[in-house]
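Q: just to be clear, the model below is a prediction. Sequence and coordinates:
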Amino acid sequence: MFFQRKNISCSLKYDTVPLSTPIDELCFIVFDTETTGFQVAATDRLIEIGAVPVNGHHVIESDRFQTYVNPERQISREIIELTSITNEQVAEAPKAADAISSFFDYVESREAVCLVGHYVSFDTLVLKSELKREKRSLKKLFTIDTLDLIGFIAPSYDMRDLERYAMAFGTRIYDRHRAIGDALTTAYLFTELLQQFKARGFTTWGELIKATDSQSRALQF
């Protein structure tokens, strides 16, 4: 039987905001996901989404988004030990498509210009894989990866671990391997990177897009 896919998009302002707009005037949503493992395109599933806005170089902690997600499978002992997320916590949580829909509603209501993450291509793959299971296709998810911004500001760094970067740049560190904790850590790292970006004379949305251009972003369209 043929199922027609329904395209889904996350309402973002990246293509309507003038490139000359100062970064200070933009809202970014920094997010993270937790999963049952790394094979998210195959057997592993989403178990948590966490997000927080960054407005004008400020992290708005009071406006955070967090939801557990029912993976419709057992969480392994290793992942429970890593994340502290239990099978009991996700049992009554929304399923992936509903949780992602709630997250996108949150993003749209904040009029965010784009999504931000640390190694964000993995989180993007998580969302796409979950929606693909529902015969839906996710389009135009415009993102900025803190790794790309670090590569522009400090190209000598060669590591991916979020905590090590946060320590290197002197920013706050929250609960690791939890979506909301890693989203908050990434958000504070992002604000420090924006300050350093600005100190180098770059102040506009267009300059930020150019500085963080990557192949992974191109694949999102």
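A: On my side now, so go ahead. Given the structure is predicted, the values throughout are model-derived calculations rather than measurements. Residues are numbered from 1 along each chain as shown.
Q: contacting residues around residue 29?
A: Applying CB atoms under 8 Å, 6 or more residues apart in numbering, we find residue 29 in contact with 51-54, 106-107, 110, 112, 114-116. In short, each C-beta sits where N, CA and C put it, glycine included.
Q: same thing with residue 69?
A: With CB under 8 Å, 6+ apart, residue 69 has these contacts: 45-49, 90, 93-96, 99.
Q: same check, this time on residue 119
A: Here residue 119 is in contact with 145, 147, 160, 162 (CB under 8 Å, 6+ apart).
Q: quick one: residues contacting the residue nearest to residue 200 when sequence neighbours are not counted.
A: Sequence neighbours aside, residue 153 is the residue nearest to residue 200 in space, at 7.2 Å (criterion: CB to CB, 6 or more residues apart in numbering). Residues near residue 153 by CB under 8 Å, 6+ apart: 193, 196-197, 200.
Q: how near is residue 153 to residue 71?
A: Distance of residue 153 to residue 71, computed by CB to CB, to the nearest Å: 36 Å.
Q: same thing with residue 41?
A: Using CB to CB, we find residue 41 at a distance of 15 Å from residue 71.
Q: residues making contact with the helix or strand that contains residue 132?
A: For residue 132, the enclosing helix or strand under DSSP states H and E is helix 120-133. Here helix 120-133 makes contact (CB under 8 Å, 6+ apart) with 8, 31-33, 35, 40-41, 45-46, 96-97, 100, 117, 137-138, 141, 143-146, 216, 220.
Q: I'd like the mean pLDDT over that helix, please.
A: The average pLDDT for helix 120-133 rounds to 95.
Q: centre-most residue in the chain?
A: residue 31 (3.2 Å; CA atoms, centre = their mean).
Q: low pLDDT regions in this structure?
A: For the chain, applying pLDDT under 70 flags the ranges 1-5, 158-159, 215-221.
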